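Enquirer: I'd like to go over a predicted model; first the sequence, then the structure.
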Amino acid sequence: MIEIKNCNVIFNKNTVNENHALKDINLRLEDGDFVTVIGSNGAGKSTLLNVICGNIETESGEVFIDNQNITKFKEHKRANCIGRLSQDPLKGTAPHMTIEENCLLAYGRGTKRKLRFSISKEEKELFHNQCAKLNLGLEDRMKTEVGFLSGGQRQALTLLMATMIPPQCLLLDEHTAALDPKTAENIMKITNDIIQEYHITTLMITHNIDHALHYGNKTIIMNEGRILDIIEGEQRKSMTKEDVLKYYEKINGVLTDKQIL
Amino acid sequence: MSLSLVVGAIELGIIFGICSLGLFIAFRVLNLPDLTVDGSFVTGLAFSAVFSMQGQPLLGIILGIVGGTLAGIVTGVLHTKFKIQEILAGILTMTGLYSINLKIMNDQPSIFLYGIDTIFTPFTNKLVIQGVDFGYLLVLLCIAMLLIVILVFFFKTLTGLALRATGDNEAMVRSSSINTDTMKILGFAMTNAIVALGGGLYAQYTQTAAHGAGVGTLVLCCASIIIGETVFGKRRGMLHHIVSIVLGAILYRLLLSYAFVLGLPASDLKLFSALIVVFAMVLPQIKLRRKNR
């Protein structure tokens, strides 16, 4: 469960560049919800994810995960229960370390790191099997430095690492946007499989409207720092790409009216 | 070059090899050049000399290591908690240490240990081959090997892995719920502990402790690291990388000794070191430009 209460984020406060990025956001995701977020650039989608991860300061508001108030937790502490993927496939892995070592780091999430030898036989086997599930041939290259992998492979590995110990919630920030269409489809499928398998509460930002409607059980539309609408159930099932585009036009129409005024 | 000169160069090479292993953690693993080492080298040297004078050479070295660790922690905290750039944080600690080191040395700019027992004394004149005493070399070799074993073991542990990853991709490490600030402070502490160990050994080996001996430690160690990596390679695992750095330091000292024999004035040592680092950093760029043409 993720809950955000009365959240406000203001960038560059009290300067000419002041930007009220999130305005009075209230949002509640139930256990196992897979929510997609759409909205034009600058709508506050990524900011919303950053608020949950804790890498930006909020003006006001509180964040709860599984009824625990994590507002005051630092980023690395929140990472105990949050898995995250960003748009940049290079961000989620350490390039000069092997696949195995990367997996091991992710596997240590939420546990106290000790001065014990790094990798056991069981762990090796576990990582091998996990990588084999991706069907990308990574399992045969466990000793390869991650820097030698392609963007798609790295993103798949990041996904694997983020869910190695299933987190309470998963945040995906356009994680397929930098990949070619075929790889993007593949990664999206793997993502969905993993989310369904472990029943992870997920928030996914995407600019791909097909993905936004096809995957998950709810869709949030954001604009100018506000959540305009949450679409779910029958309404969402019958919604088409055209409907969403019309919705966007309507928003933009409101905008132009404002500008005229 | 006589045998005694070669052995002497290797011995000094091992001492600076130890320091270079310290800097390796900050400079190569964490990617944060740490100028504190110029000061913590003298901290180790000062403790070592002062306690040797009181008949406690081993305690001196250990206290030196503790002092170095503290200095590293200060730099680490300045850098991570107070967001001061790593170079400036290092300079600040180093500058502060200048006074502290003088205090440790009872305001004497130099201490001489001639005729005083050091950790090397029990091993002196026990292993003489062709008129050259190999005792010192043996002691230093053992210390260096012990350190190498400890470091290789450490980098195989989960904490070591996290330290390496912090230098590689910080954001990723944070998202694996590791506190990168703690890792950096740990790295700085280890760096300066090891450099202080080198300083402590240096004082007892040369039987002099000069307050100004630390100037240029960073550059000297950089030179050793770069020479080691260039000559012996670095992308073949941690053990290989670490050993090649110590070998680099020894090679560098041998080169220097040879240059001294040829008539390089000893006072040009630091200029020579600086030029080697510049040369080693510029050369790959020139090669690259040629290739791109």
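Expert: Alright, I've got the coordinates.
Enquirer: in chain A, which residue is closest to the centre?
Expert: Closest residue to the average C-alpha location of chain A: A:Leu172 at 1.7 Å, with Cα atoms, centre = their mean.
Enquirer: Quick one: residues contacting that one.
Expert: A:84-85, A:191, A:202-206 (Cβ atoms under 8 Å, 6 or more residues apart in numbering or on different chains). (Glycine included, C-beta is placed from N, CA and C.)
Enquirer: mind checking the SS state of it?
Expert: What DSSP: H, G, I helix; E, B strand; the rest coil gives for A:Leu172 is strand.
Enquirer: I'd like to know how many residues surround residue 42.
Expert: Chain wasn't specified; assuming chain A. Counted with other Cβ atoms under 10 Å in any protein chain shown, residues neighbouring A:Gly42 total 14.
Enquirer: I was after chain B.
Expert: B:Val42 - counted by other Cβ under 10 Å - has 34 other residues nearby.
Enquirer: Isn't it up against B:Leu97?
Expert: Yes: at 6.9 Å, B:Val42 counts as touching B:Leu97 under the criterion of Cβ atoms under 8 Å.
Enquirer: Could you check how far the residue nearest to the centre of chain A is from B:Met105?
Expert: According to Cβ to Cβ, to the nearest Å, A:Leu172 stands 59 Å off from B:Met105.
Enquirer: now swap in A:Ala21 and tell me
Expert: From A:Ala21 to B:Met105 the distance is 56 Å (Cβ to Cβ).
Enquirer: now do B:Ala71
Expert: Distance check for B:Ala71 against B:Met105: by Cβ to Cβ, it reads 15 Å.
Enquirer: Tell me which stretches of the chain form helices.
Expert: Just going to use chain A. Using DSSP state H, the helices of chain A run over A:45-53, A:75-78, A:99-107, A:121-133, A:151-162, A:181-198, A:209-214, A:233-237, A:241-260.
Enquirer: that answer is for a different chain, and I need it for chain B
Expert: Taking DSSP H to define them, one finds helices in chain B at B:3-24, B:37-53, B:57-80, B:86-104, B:135-156, B:158-168, B:170-175, B:180-206, B:217-232, B:238-262, B:269-292.
Enquirer: any weak-confidence spans in the stretch 1-150 of chain A?
Expert: A:110-118 (pLDDT under 70).
Enquirer: switch the cut-off to 80
Expert: For the stretch 1-150 of chain A, applying pLDDT under 80 flags the ranges A:108-120.
Enquirer: which stretches of the stretch 151-261 of chain A have low pLDDT?
Expert: Low-confidence segments of the stretch 151-261 of chain A (pLDDT under 80): A:247-261.
Enquirer: The same query, at a cut-off of 90, please.
Expert: Filtered on pLDDT under 90, the stretch 151-261 of chain A yields the residue ranges A:151-153, A:161-168, A:175-187, A:190, A:207-214, A:216, A:218, A:221-261.
Enquirer: So which bits of it are right by chain B?
Expert: Proximity of the stretch 151-261 of chain A to chain B is confined to A:161-162 under the rule Cβ under 8 Å from any Cβ of the partner chain.
Enquirer: Output the contacts of A:Leu172 as CSV; include the columns neighbour count and distance to B:Leu58.
Expert: Compiled in CSV, these are given as follows (neighbours: other Cβ atoms under 10 Å in any protein chain shown; distance: Cβ to Cβ, whole Å):
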residue, neighbour count, distance to B:Leu58
A:Arg84, 28, 49
A:Leu85, 25, 52
A:Thr191, 25, 58
A:Thr202, 25, 58
A:Leu203, 25, 58
A:Met204, 29, 60
A:Ile205, 25, 60
A:Thr206, 23, 64
